[in-house]
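S.K.: Quick one, fold the following:
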Amino acid sequence: MSSVFMRAGPAVLAAALLCVPALAPTRAAADPVLPPSGGVLYVTNAVSGDVSSMAIGPRGELTLMGPPVSTGGCTLERTGPGCTPRGIAVAPNGATVYVVNSDSSTLAVFRVGARGTLQPNPLILDTGKEPWGATLTADGRTLYVTETGDGTRNGTISAYHIGLDGTPGPRRAFDTNSDHPKQTVLSPDGRSLYLSYADAEETEESPQRVITRFAVLPDGSLEEPGQDVAKVGPASYGITISPDGGLVYATSNIAQNVWGFRVGKDGSLTPVPGLRPFVPDAVGLKVTPDGQHLYVCANFDTDAPLGGLYGFTIRADGSLTPTADSPVPSFGTSSVVITPDGRDAFANVQDKNLVHAFAIGSGGRLKEAPGSPFKTGGSHPLFQSLAIRPVPANTPQ
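M.R.: Next up, the predicted model:
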């Protein structure tokens, strides 16, 4: 099984490093800077401890925009403020990017420079122990960070109020209902935050996992305790929601399938009809902006491009049918993102430090972009490692 499940190291921060204040980012510009014509794909690289900025071309091709930028620094002994970057989130105005450093238990806050590249020397803030994921509200005013903890008790979700200049305020921690929280997804109306759970040690004998729903209060805090609204298979790493908020899908890496649910008016989840489709070593997943298709990462270990991205058409009742070309020939992948216009999809290959790029065609078929897959310039992009900075609406094309 792939190193998406690489466990965190000791995360012991050197005292000298802690005593050095991080360089505060410059104040965010009132208007977002202009990126390349297709936007920018950001990739966190866990082993090299940095973030790649890749320009998205007109046919989905990717071009590195310079060397990856450090997430705070990490020694060979895995100490320092920027070890093992994982989850990443981009502010709605594109001026700030947030990255969690799992082994360091920190949050790196980047300002975005010319044409979408990240400025060096991010602001470093503390998180709870072993953060994995980062999710921003649609207005960019609250950031949620999932924190695994030490595995001896339930994890936490930290909420940060984001200032007008993009700087996070003090951390507020909320207890989760189970151990090893992994990914969160917000409903489009911002009233519900859904959470998945997974641990690298789970097996076929492990009990089912739950999906927890937290009600989001007006100030961005979470109502405690959260409600467990559904059960899924063990090691449920990935979770996603349809753009209209009507459907939630989650993966089970152990059961090797996808679980679908209809969302009720109260945020409750009801299983959709039909069989749960098979996806080997299922991890990340994403619904297209038009709500018509779902793409799921198959994170298998192999040197052959056997089919690491599965495509499905979403029926009216929420059930799934494979697209005509599913799975597409690719290496095993763990994260997938889609451009806001629904034209392109990108999926990372962890052990090969690559990103596959696809154009989304009729019926959800995927056509690999010229030159794909592309090197990230860093080492080991893991689950939740991808984010897109779209083109501002007023950018000349």
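S.K.: From here on, just use CA atoms for contacts and neighbour counts.
M.R.: Will do.
S.K.: number of nearby residues for residue 162?
M.R.: 18 (other C-alpha atoms under 10 Å).
S.K.: That one bridge partners, please.
M.R.: residue 168 (DSSP bridges).
S.K.: shouldn't it be in contact with residue 141?
M.R.: Yes. Using C-alpha atoms under 8 Å, residue 162 is in contact with residue 141, at 4.7 Å.
S.K.: got the residue ranges for the helices in the stretch 151-300 of the chain?
M.R.: Counting by DSSP state H, counting those that start in this stretch, the stretch 151-300 of the chain forms no helices at all.
S.K.: Run through the strands of it in chain order.
M.R.: All strands of the stretch 151-300 of the chain, identified by DSSP state E, counting those that start in this stretch, fall at 156-162, 168-175, 181-186, 192-197, 209-215, 227-232, 239-241, 247-252, 257-263, 269-271, 282-287, 293-298.
S.K.: among those strands, which is nearest residue 145?
M.R.: When the strands of the stretch 151-300 of the chain are compared by C-alpha to C-alpha, strand 156-162 sits nearest residue 145, at 5.1 Å.
S.K.: Name the residues that touch the closest one?
M.R.: Applying C-alpha atoms under 8 Å, 6 or more residues apart in numbering, the external contacts of strand 156-162 come out as 127-128, 140-149, 168-176, 181, 220-221.
S.K.: Can you tell me which of those residues are classed as buried?
M.R.: Among the contacts of strand 156-162, those classed as buried by 16 or more other C-alpha atoms under 10 Å are 127-128, 140-149, 168, 171-176, 181, 220-221.
S.K.: Next, work out how far apart residue 164 and residue 294 are.
M.R.: Remark: distance between residue 164 and residue 294 (C-alpha to C-alpha, to the nearest Å) = 34 Å.
S.K.: Looking at the two, which has the bigger crowd around it?
M.R.: Taking other C-alpha under 10 Å, residue 164 and residue 294 do not tie; residue 294 has more neighbours (24 against 12).
S.K.: Just give the closest residue to that one, not the sequence neighbours.
M.R.: residue 287 (4.4 Å; C-alpha to C-alpha, 6 or more residues apart in numbering).
S.K.: where's that neighbour relative to residue 153, distance?
M.R.: Distance, residue 287 to residue 153, using C-alpha to C-alpha: 32 Å.
S.K.: who has more neighbours, the two?
M.R.: Each of residue 287 and residue 153 has its neighbours counted (other C-alpha under 10 Å); residue 287 has more, 26 against 14.
S.K.: residue contacts, the more buried one?
M.R.: Contacts for residue 287 (C-alpha under 8 Å, 6+ apart) come out as 240, 241, 242, 243, 293, 294, 295.
S.K.: rerun at 10 Å
M.R.: By C-alpha atoms under 10 Å, 6 or more residues apart in numbering, residue 287 lies in contact with 240-243, 247-249, 293-296, 311-314, 336-338, 342.
S.K.: what does residue 290 give?
M.R.: By C-alpha under 10 Å, 6+ apart, residue 290 lies in contact with 242, 243, 244, 340, 341, 342.
S.K.: Which of those are buried? Put it as a ChimeraX command.
M.R.: Selection of the buried residues among these in ChimeraX, burial being defined by 16+ other C-alpha under 10 Å:
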select :242,243,340,342
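S.K.: if we can go back for a sec, what residues are shared contacts of residue 162 and residue 141?
M.R.: Common contacts of residue 162 and residue 141 (C-alpha under 10 Å, 6+ apart): 91, 168.
S.K.: Quick check, residue 256 in contact with residue 280.
M.R.: Yes. At 5.0 Å, residue 256 counts as touching residue 280 under the criterion of C-alpha atoms under 10 Å.
S.K.: Overlap in contacts, these two.
M.R.: By C-alpha under 10 Å, 6+ apart, residue 256 and residue 280 have these common neighbours: residue 298.
S.K.: picking that back up, could you check how far the residue nearest to residue 294 is from residue 306?
M.R.: Counting by C-alpha to C-alpha, the gap from residue 287 to residue 306 is 22 Å.
S.K.: Run through this structure and note the low-pLDDT ranges.
M.R.: 1-37, 151-152, 302, 304-305, 392-397 (pLDDT under 70).
S.K.: Next, the buried residues of stretch 55-75.
M.R.: 55-56, 60-65, 68-74.
S.K.: no, scratch that, I was asking about stretch 364-381
M.R.: Buried residues in stretch 364-381 (16+ other C-alpha under 10 Å): 364-369, 372-381.
S.K.: List the ones among those that fall in strands.
M.R.: 366, 367, 368, 374, 375 (DSSP state E).
S.K.: Do I have it right that residue 226 meets residue 175?
M.R.: Yes. Look at residue 226 against residue 175 with C-alpha under 10 Å: they come within range, at 8.4 Å.
S.K.: give me every residue that touches the closest residue to residue 258 other than its chain neighbours.
M.R.: Excluding the flanking residues, the one nearest residue 258 by C-alpha to C-alpha, 6+ apart is residue 251, at 4.6 Å. Contacts for residue 251 (C-alpha under 10 Å, 6+ apart) come out as 196, 232-240, 257-260, 276, 278-279, 281-285, 296-297.
S.K.: what about residue 116, distance to residue 198?
M.R.: For residue 116, the distance to residue 198 equals 33 Å [C-alpha to C-alpha].
S.K.: next one: residue 377
M.R.: For residue 377 relative to residue 198 (C-alpha to C-alpha), the value is 29 Å.
S.K.: Going along the chain from whichever strand or helix holds residue 100, find the next helix or strand for me.
M.R.: Using DSSP states H and E, residue 100 maps to strand 96-101. Downstream of strand 96-101, the next assigned helix or strand under DSSP H and E is strand 106-111.
S.K.: CA-only coordinates of that next one, as CSV, when you get a sec.
M.R.: Extracted C-alpha coordinates of strand 106-111, given in CSV (Å, rounded to 0.1, in the frame of the first residue of the first chain):
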residue,chain,number,x,y,z
THR,A,106,2.4,23.8,12.0
LEU,A,107,0.6,25.9,9.5
ALA,A,108,2.5,27.8,6.8
VAL,A,109,0.9,30.9,5.5
PHE,A,110,2.2,32.1,2.0
ARG,A,111,1.6,35.3,0.2
